[in-house]
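Q: I would like to see how this sequence folds:
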Amino acid sequence: MTKSALQIARAAYQPKLPKALTGAVAVKEGEATQSVADQEAIKKLFPNTYGMPLIQFVEGQAQNTAEMNVGVILSGGQAPGGHNVISGLFDGIKKLNPNNKLYGFILGPGGLVDHNYKELTADIIDEYRNTGGFDIIGSGRTKLEKEEQFEKGYEILKELGIKALVIIGGDDSNTNACVLAEYYAAKNYGVQVIGCPKTIDGDLKNEMIETSFGFDTACKTYSEVIGNIERDCNSARKYWHFIKLMGRSASHIALECALQTQPNICIISEEVEAKNMSLDDVVTSIAQAVANRAAAGNNFGIVLIPEGLIEFIPAMKALIAELNDFLAANGEEFNKIEPNKQREYIISKLSAENAAIYASLPEGVARQLSLDRDPHGNVQVSLIETEKLLSEMVGKKLAAWKAEGKFVGKFSAQHHFFGYEGRCAAPSNFDADYCYSLGYTASLLIASGKTGYMSSVRNTTAPAAEWIAGGVPITMMMNMERRHGEMKPVIQKALVKLDGAPFKAFAAQREVWAKETAYVYPGPIQYFGPTEVCDQPTKTLQLEQAK
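A: This next block holds a predicted model:
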């Protein structure tokens, strides 16, 4: 591989570890846990991995560790820092016993089922330290949920002498990890399963998982480009830029980027839902801000839009829920309908209220709502061009206002969607350190004989030496939700809390940002230099922990 100057310099970076992990460790057990909701249902489904205690690693006495082999899987969408999780895991198991081996399953969970793997040696690991991407072994979206998959996986785990499997993924992937851990425990197969919290969306978090890895780097990457567009916007002074950001199930990325860049408008999906806003309400609020700035001679601005906004508008959410259930049950029949007749077919099958909403949508948006589902049976909201839908509707409203004398300016829109741009960026110092610590912690959870746990690193606004490492039972995060028309156990997604410090800080300033040109230009991620520039965590974390 040809390496850039940054890659060469970055390879020498040694990620920082919590002080408790730098020597021998001991396990400190906390209180027994229970799931966040649906306790009886979750306990019944996970009798062998439910109610386990929280784990914290503290300084302890050196102990001999038996030789063991470990497997690792990268699951789901890419997030910056995945390679450092694997590096931390590798270094951790090698420190426990130099004879330990690490096997990577190729292209995600499917590699486990298909017995597609390779041993990850020091030479391979060293090529990927502190780099972005998941290309060391690739990733995939195969769901581990069937007994035959578990058994096929066990065949290769047994053949390779693998004692433990580490699954690096988001909420759905870690739900699969929990199901697999329970299955292997029930069968007494002697295979441990450990999860690591990954998702740039930031929706896998709770009191024990302060942030999911990749969120820091992705938000800094997006904020750099948003800042660049803000500067261009403030230079040309003739465009409104509608910027859609990743975040299907929550608005954490949009909120963090708003806190970093101070745009004129940032829509928070959770607020739209809480206020029972219609699509027209959202459009009107944007149009009013455009009109107010135009009245002051400013025919330009920045609008940040979360990817999943459509699903949070209550009327649209009800429509999509019915569409998901209907297409899950009638997908084959729907696919046989001629494309030009699919719209009429769906309208004829929906309830009267949802049929009316679906019929009122522009042809393109209606079509996007009925396209192929994702592997979890949900509408692929990233395919819905919400940024274009909103700007088109804002333009129409402003044209009507102009005819009535309510709007005196000009309106011209540009559109952007920032998604893939942030998923494989070279990890920030925070993510490089955090991910390495998560992987190293996973090795210690394995050495401690734990299964059904997720690696946890807390106190993350403090210097890395003061971080607290341990494990949290995955069942603690679970509840029951409807998937593919059935109730399934899944990890509860963390939404933006409207009573939380990050949203309150945003809400306190947004009226000023809407009127004034108060843009902030964060610039590119800094990897070398003063700690206050290179190591700072997200605004979200700083506000949540009041530091």
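Q: May I have the helix or strand hosting residue 234 exported as CSV, CA atoms only?
A: Per DSSP states H and E: residue 234 is located in helix 215-236. As requested, the backbone C-alpha atoms of helix 215-236 are provided in CSV (Å, rounded to 0.1, in the frame of the first residue of the first chain):
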residue,chain,number,x,y,z
PHE,A,215,-19.1,9.7,16.5
ASP,A,216,-16.3,12.1,17.5
THR,A,217,-14.4,11.8,14.2
ALA,A,218,-17.5,11.8,12.0
CYS,A,219,-18.9,15.0,13.6
LYS,A,220,-15.5,16.7,13.3
THR,A,221,-15.3,15.7,9.7
TYR,A,222,-18.8,16.9,8.9
SER,A,223,-18.3,20.1,10.9
GLU,A,224,-15.1,20.9,8.9
VAL,A,225,-17.0,20.7,5.6
ILE,A,226,-20.1,22.6,7.1
GLY,A,227,-17.7,25.3,8.2
ASN,A,228,-16.2,25.4,4.7
ILE,A,229,-19.7,25.8,3.2
GLU,A,230,-20.6,28.5,5.8
ARG,A,231,-17.5,30.5,4.7
ASP,A,232,-18.4,30.1,1.1
CYS,A,233,-22.0,31.0,1.9
ASN,A,234,-20.9,34.1,3.7
SER,A,235,-18.6,35.0,0.8
ALA,A,236,-21.0,34.6,-2.1
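Q: Would it be right to say that residue 355 lies in a helix?
A: Yes: Residue 355 forms part of a helix when assessed by DSSP: H, G, I helix; E, B strand; the rest coil.
Q: Pull the contacting residues for it.
A: 346, 347, 348 (CB atoms under 8 Å, 6 or more residues apart in numbering). No exception for glycine: its C-beta is placed from N, CA and C like everyone else's.
Q: can you give me the helices in the stretch 51-200 of the chain?
A: With helices called from DSSP state H, counting those that start in this stretch, the stretch 51-200 of the chain shows them at 82-96, 109-113, 122-128, 147-159, 171-186.
Q: Check which helices and strands the longest one is in contact with.
A: What that stands for is helix 171-186. In terms of contacts (3 or more CB pairs under 8 Å, 6 or more residues apart in numbering; DSSP states H and E), helix 171-186 is packed against helix 147-159, strand 162-169, strand 192-197, strand 486-491.
Q: Any of the contacts of residue 355 buried? List them.
A: residue 346 (16 or more other CB atoms under 10 Å).
Q: among the contacts of residue 355, which are in helices?
A: 346, 347, 348 (DSSP state H).
Q: any chance of the helices of the stretch 51-200 of the chain in TSV, plus mean pLDDT and mean neighbour count?
A: As requested, the helices of the stretch 51-200 of the chain are arranged in TSV below (pLDDT from 0 to 100; neighbours: other CB atoms under 10 Å):
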stretch	mean pLDDT	mean neighbour count
helix 82-96	98	26
helix 109-113	97	24
helix 122-128	97	14
helix 147-159	98	16
helix 171-186	96	24
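Q: The ones you listed: which one's closest to residue 495?
A: Judged by CB to CB, the one of these that comes nearest to residue 495 is helix 171-186, at 12.0 Å.
Q: just the angle between that closest one and strand 192-197, please?
A: For helix 171-186 against strand 192-197, the angle by axes from the mean of the first three to the mean of the last three CA atoms, to 10 degrees is 170 degrees.
Q: Just the CA coordinates for helix 171-186, please, in CSV.
A: The C-alpha coordinates for helix 171-186 follow below in CSV (Å, rounded to 0.1, in the frame of the first residue of the first chain):
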residue,chain,number,x,y,z
ASP,A,171,-27.2,-1.5,18.4
ASP,A,172,-28.5,-4.2,16.0
SER,A,173,-25.1,-5.9,15.7
ASN,A,174,-24.7,-6.0,19.5
THR,A,175,-28.3,-7.3,19.8
ASN,A,176,-27.1,-10.2,17.6
ALA,A,177,-24.0,-10.5,19.8
CYS,A,178,-26.3,-10.9,22.9
VAL,A,179,-28.5,-13.5,21.1
LEU,A,180,-25.4,-15.4,20.1
ALA,A,181,-23.9,-15.2,23.7
GLU,A,182,-27.1,-16.6,25.1
TYR,A,183,-27.3,-19.4,22.6
TYR,A,184,-23.7,-20.6,23.2
ALA,A,185,-24.1,-20.3,26.9
ALA,A,186,-27.3,-22.4,26.8
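Q: Centre of the chain to that helix, how far?
A: Helix 171-186 sits 19 Å away from the centroid of its parent chain (CA atoms, centre = their mean, to the nearest Å).
Q: what angle do it and helix 147-159 make?
A: 70 degrees.
Q: could you check the angle strand 486-491 makes with helix 171-186?
A: Here helix 171-186 runs at an angle of 90 degrees relative to strand 486-491 (the same axes, to 10 degrees).
Q: partner residues bridging residue 102?
A: For residue 102, the beta-bridge partners are residue 70 (DSSP bridges).
Q: Tell me how many other residues surround residue 316.
A: Per other CB atoms under 10 Å, the neighbour tally for residue 316 reads 22.
Q: oh sorry, the question was meant for residue 121
A: For residue 121, the count of nearby residues is 11 (other CB under 10 Å).
Q: Tell me which helix or strand the closest residue to residue 252 other than its chain neighbours sits in.
A: Leaving aside its sequence neighbours, residue 252 sits nearest to residue 202 (CB to CB, 6 or more residues apart in numbering; 3.3 Å). Taking DSSP H and E as the definition, one finds residue 202 inside no helix or strand.
Q: okay but residue 202 is in contact with residue 211, surely?
A: Yes: applying CB atoms under 8 Å, one finds residue 202 in contact with residue 211, separated by 6.7 Å.
Q: and for these two, which residues touch both?
A: With CB under 8 Å, 6+ apart, residue 202 and residue 211 have common neighbours residue 540.
Q: picking up where we left off before, as TSV, the helices and strands packed on helix 171-186 with distance to residue 27 would be great.
A: As requested, the helices and strands packed on helix 171-186 are exported to TSV (distance: least, CB to CB, whole Å):
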stretch	distance to residue 27
helix 147-159	24
strand 162-169	16
strand 192-197	14
strand 486-491	24
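Q: Residue 38: which of the ones you listed is closest?
A: Closest to residue 38 of the helices and strands packed on helix 171-186, according to CB to CB: strand 486-491, at 7.9 Å.
Q: what sits up against the closest one?
A: 38, 41-42, 45-46, 171-172, 174-175, 178-179, 204, 474, 477-483.
Q: Quick check: buried residues in that strand?
A: 489, 490, 491.
Q: quick check, distance from the lowest-mean-pLDDT helix or strand in the chain to the centre of its chain.
A: Every helix and strand of the chain was ranked by mean pLDDT, DSSP states H and E. The lowest is helix 363-369, at a mean of 80. Between the centre of helix 363-369 and the centre of its chain there are 25 Å (CA atoms, centre = their mean).
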